[in-house]
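[1] Below is the sequence, then the predicted model.
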Amino acid sequence: MQAVCYLRAIPTFTFEAQQRAFLDECARSGLEVGPTFTETAAGPAAPEFRRMLRTLLDPAGSRQRGFTTVVVASLDVLGATAREQARRYLQLETLGLPLRLADGGDADAALLAAWSERPSGERRRDQVREGMRDRALRGEVLGRAPYGYRVVARHLRIEPFEAAVVRHIFDWYTDGGEGVRLIARRLNEADTRTRRGGSWSIASVRQVLRNPVYTGLYRRLGVVVATEHEAIVTRDRFAAVQQRLAARRTSFGQQRRGEYLLAGIATCGYCGNSLIGLRRASRARAEVGAPPLVLTYYQCESRANQGRCAYHTRRTEALEAIVCDQLRESPAAGAGAAATPIHTTALLDARRAGLRRRLDALLERRVSGEWTAARLRHEAGSLALEDLQAEEEADFTARRRADSTEASERGVTLAEARARLVAEWEQIPFDERRRLLREVVASVVVTDDGIQVTLVG
């Protein structure tokens with residue numbers, strides 16, 4: 001049986017200690033040492049965990065279901081909280097990827113212990129948040145009312161004067177074409193005060209323009225309640241404001257660029273891993289005493305780091321030239337993906353919060369002894385996979401929105417970007433060329449025998 005190692009930064013185990021525990025478990029149990037997936041980003045998102053699942057379940061790969069196990073140094077590797085650990089554990093088990101602890105302990109018993117031993121503060125917070133979510137689902141207000149509304153019997157109701165100010169702000173921004181700085185000055189010159197009696201600032205005007213509560217949506221703690229209170233502006237007007245805000249954004253930080261044009265775009269057609277850049281010194285010299293010539297290549301990360309892939313190297317110039325040729329020969333790109341709906345992210349967050357509450361309830365039944373481990377996997381497995389899918393969708397939506405915002409700020413269409421790449425490939429500066437490529441190219445899949453370029457749109 002093949003063993004796959006999953007690593008994540010945790011206080012009790014360094015990466016080296018986790019890797020050592022994995023190798024010891026493989027030697028002790030006679031497992032074949034498989035690839036390692038390392039989670040370097042902090043937080044519960046775990047992109048490497050999801051990539052591991054995609055790799056192991058890829059029908060084009062060599063893995064056979066039932067002959068692979070995932071090994072972790074301890075249950076803590078799966079997540080910072082008992083809830084995260086339970087979610088990942090159920091996802092693995094439901095997908096037919098049994099989890100093994102490197103210390104030889106029983107994963108199910110470790111999960112029950114972690115859930116039962118949650119800090120009392122965490123349990124109280126869960127109970128309090130659950131009560132607050134119930135209130136939010138009933139449309140009851142949590143905390144202070146936003147500017148333009150007041151709270152009546154725990155529900156939002158229009159505050160006439162403030163609502164008029166909100167409408168003026170949206171009107172000035174859309175119909176009048178005024179910026180947030182001018183709007184703030186106009187309000188202050190009219191001696192119109194904020195809720196707390198202060199002066200309006202750029203930030204407070206922008207906060208009003210970005211708050212979806214004015215469209216009749218109430219959103220708190222992952223709960224979105226639609227049309228529970230009267231809207232002050234229409235959703236179409238709100239959408240138009242968000243587009244203009246994105247287009248006027250000027251404070252983008254400088255993104256650190258890699259030195260390889262296709263880094264983060266090209267993937268290996270054999271194993272699905274990313275192609276990484278390599279530099280090698282050539283023995284050939286232009287003349288005696290000259291420094292060695294440095295050649296650059298693309299190679300599969302699995303082959304370079306683990307020697308477990310059949311893909312061989314490609315010279316950077318050759319591979320990039322092929323991509324340029326395919327851009328030139330492929331049919332014209334379409335208008336691109338549709339804009340992300342304004343409330344998509346909030347709705348996905350609400351969906352995931354609901355799934356996790358249901359998982360919590362099922363875990364409590366297992367901990368209480370009402371259910372067996374098999375019953376928990378049967379009842380909760382589909383919820384865990386649905387949550388995994390929602391997590392993928394949320395990640396995709398976030399990246400799509402970021403790409404859409406960046407493209408809107410530059411005002412460059414896909415067709416214009418592609419035309420410029422084809423016509424001016426050699427003349428475009430490296431950073432600009434790579435940015436344009438990321439706009440128009442969805443994927444570049446490479447094998448020794450060919451390359452497939454998929455365009456956006």
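    Yep, that arrived. Numbering: from 1, shown residues only.

[2] and residue 325, that one's in a helix?
    Yes. Counting by DSSP: H, G, I helix; E, B strand; the rest coil, residue 325 is found in a helix.

[3] Remind me which helix or strand the most centrally placed residue in the chain belongs to.
    Closest to where the C-alpha atoms of the chain average out (CA atoms, centre = their mean) is residue 395, at 2.8 Å. If you go by DSSP states H and E, residue 395 is part of helix 373-410.

[4] Now residue 418: closest residue in space that isn't a chain neighbour?
    What sits nearest to residue 418 in space, not counting adjacent residues and going by CB to CB, 6 or more residues apart in numbering, is residue 440, at 4.7 Å. From N, CA and C alone the C-beta is placed, and that goes for glycine too.

[5] Look up how far residue 51 lies from that neighbour.
    Going from residue 440 to residue 51 by CB to CB, to the nearest Å gives 24 Å.

[6] In terms of neighbours, single out the busier of those two.
    Set side by side, residue 440 and residue 51 show more neighbours around residue 440, with 25 against 15, by other CB atoms under 10 Å.

[7] my guess is the more buried one contacts residue 327, does it?
    Yes. Assessed by CB atoms under 8 Å, residue 440 is found in contact with residue 327 at 7.3 Å.

[8] Overlap in contacts, the two.
    Shared contacts of residue 440 and residue 327 (CB atoms under 8 Å, 6 or more residues apart in numbering): 418, 421, 455.

[9] Export the residues you listed to TSV and append columns for distance to residue 5, pLDDT and secondary structure.
    Below are those laid out as TSV (distance: CB to CB, whole Å; pLDDT from 0 to 100; DSSP: H, G, I helix; E, B strand; the rest coil):
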residue	distance to residue 5	pLDDT	secondary structure
418	41	81	helix
421	40	84	helix
455	36	82	strand
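
[10] Scan those and report the most crowded one.
    Busiest of the shared contacts of residue 440 and residue 327 [other CB under 10 Å] is residue 418, holding 23 neighbours.

[11] Surely it touches residue 327?
    Yes. Using CB under 8 Å, residue 418 is in contact with residue 327, at 6.3 Å.

[12] Quick check: neighbours shared by the two?
    Common contact partners of residue 418 and residue 327 (CB under 8 Å, 6+ apart): 440, 455.

[13] the domain parsing of the protein - what is it?
    1-118, 126-233, 266-335+413-455 (automatic domain parsing).

[14] per-residue confidence averaged over the longest one?
    For domain 1-118, the per-residue pLDDT values average out at 86.

[15] Report how far apart the opening and closing residues of it are.
    34 Å (CA to CA, to the nearest Å).

[16] rewinding a little: make TSV out of the shared contacts of residue 440 and residue 327 and add distance to residue 261.
    Output for the shared contacts of residue 440 and residue 327, formatted as TSV (distance: CB to CB, whole Å):
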residue	distance to residue 261
418	15
421	11
455	16
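
[17] which among the residues you listed gets closest to residue 359?
    residue 455 (38.7 Å; CB to CB).

[18] Now do the buried residues in stretch 370-380.
    Within stretch 370-380, the residues scored as buried using 16 or more other CB atoms under 10 Å are 371, 376, 377, 379, 380.

[19] residues making contact with that stretch?
    By CB under 8 Å, 6+ apart, stretch 370-380 touches 90, 93, 94, 108, 359, 362, 363, 365, 366.

[20] give me that answer again for 7 Å
    The contact list for stretch 370-380 (CB atoms under 7 Å, 6 or more residues apart in numbering) reads 90, 93, 94, 108, 359, 362, 365, 366.

[21] what's the following helix or strand after the helix or strand hosting the second one?
    If you go by DSSP H and E, residue 93 is part of helix 82-94. Secondary structure here is assigned by DSSP H and E; on that basis, the next helix or strand after helix 82-94 toward the C-terminus is strand 99-101.

[22] Could you spell out the sheet neighbours of that next one, each with its direction?
    Using DSSP bridges, strand 99-101 pairs in its sheet with strand 68-72 (parallel).

[23] Run the angle between the strand it pairs with and helix 82-94 for me.
    Strand 68-72 runs at 160 degrees relative to helix 82-94, counting by axes from the mean of the first three to the mean of the last three CA atoms, to 10 degrees.

[24] buried stuff in strand 68-72?
    Buried residues in strand 68-72 (16+ other CB under 10 Å): 68, 69, 70, 71, 72.

[25] Dump these into a markdown table; add distance to residue 428 as well.
    A markdown table is the format used below for the buried residues of strand 68-72 (distance: CB to CB, whole Å):
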| residue | distance to residue 428 |
| --- | --- |
| 68 | 44 |
| 69 | 48 |
| 70 | 44 |
| 71 | 46 |
| 72 | 45 |
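
[26] out of the residues you listed, who's nearest residue 187?
    Nearest to residue 187 among these, with distances taken as CB to CB, is residue 72, at 55.8 Å.

[27] which stretches of the stretch 1-150 of the chain form helices?
    15-29, 47-56, 82-94, 107-116, 120-137 (DSSP state H, counting those that start in this stretch).

[28] right, so those: which one is the most enclosed?
    With neighbours taken as mean count of other CB atoms under 10 Å, the helices of the stretch 1-150 of the chain reach their highest mean count in helix 82-94, at a mean of 22.

[29] what helices or strands is it leaning on?
    If contacts are counted by 3 or more CB pairs under 7 Å, 6 or more residues apart in numbering; DSSP states H and E, helix 82-94 sits against strand 99-101, helix 107-116, helix 344-367, helix 373-410.

[30] Quick check: which of the ones you listed is nearest to residue 201?
    Nearest to residue 201, of those and by CB to CB, is helix 373-410 at 22.9 Å.

[31] which of the contacts of stretch 370-380 lies closest to residue 144?
    Distances from residue 144 to the contacts of stretch 370-380, taken by CB to CB, are shortest for residue 359, at 31.7 Å.

[32] All set now, cheers.
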